[in-house]
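K.L.:
sequence-free structure coming up:
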């Protein structure tokens, strides 16, 4: 339910994920935890669902709409899994606001009600999340180019 507010979609994703787990359980190699392996399969199912729905990541803007459009960069081609991985590296409240706004499509007013914060605080958390994500992406890209 963290990634969709539609209970039917959430149940469909979960069922598809566990179907993959049962189909691939023989391929588990006991490297790492079984729980982690299951979580990864369900995560991939979630990403596949949004890719199939064509409603993933393409609509996420790292710049507010009124800012000048920058040329496309490698970060514009983020995959769903990459974005979710990056959200683990920013403060929880900001990550939650980002998920609700950019992935699930809640308005700032709805986020404020859901999280018991003001609409302005929701906007601040979204801005903070974008800034942190941009910083992480810049640092990762800089690390890749300096190691070459």
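P.N.:
Nice, I can see it. No experiment lies behind these values; they were computed from the predicted model shown.

K.L.:
OK, contacts around the one residue sitting closest to the centre of the chain?
P.N.:
Compute the mean C-alpha point of the chain, and by C-alpha atoms, centre = their mean the closest residue is residue 84, 3.3 Å away. Contact analysis of residue 84 by C-beta atoms under 8 Å, 6 or more residues apart in numbering lists 43, 47. (C-beta placed from N, C-alpha, C; glycine too.)

K.L.:
Let's see the pLDDT reported for it.
P.N.:
With respect to pLDDT, residue 84 scores 77.

K.L.:
In three-state terms, label it for me.
P.N.:
Per DSSP: H, G, I helix; E, B strand; the rest coil, the local secondary structure of residue 84 is helix.

K.L.:
do residue 29 as well
P.N.:
Reduced to three states by three-state DSSP, residue 29 is coil.

K.L.:
Which strands or helices does whichever strand or helix holds residue 48 pack on?
P.N.:
Taking DSSP states H and E as the criterion, residue 48 maps to helix 34-53. When contacts are defined as 3 or more C-beta pairs under 8 Å, 6 or more residues apart in numbering; DSSP states H and E, helix 34-53 packs onto helix 7-24, helix 80-87.

K.L.:
Ends of stretch 21-29, what's the gap?
P.N.:
One end of stretch 21-29 sits 13 Å from the other (C-alpha to C-alpha, to the nearest Å).

K.L.:
Residue 112: what's it in contact with?
P.N.:
118-119, 121-122.

K.L.:
Figure out the helix or strand that it lives in.
P.N.:
Assigned by DSSP H and E, residue 112 belongs to helix 108-115.
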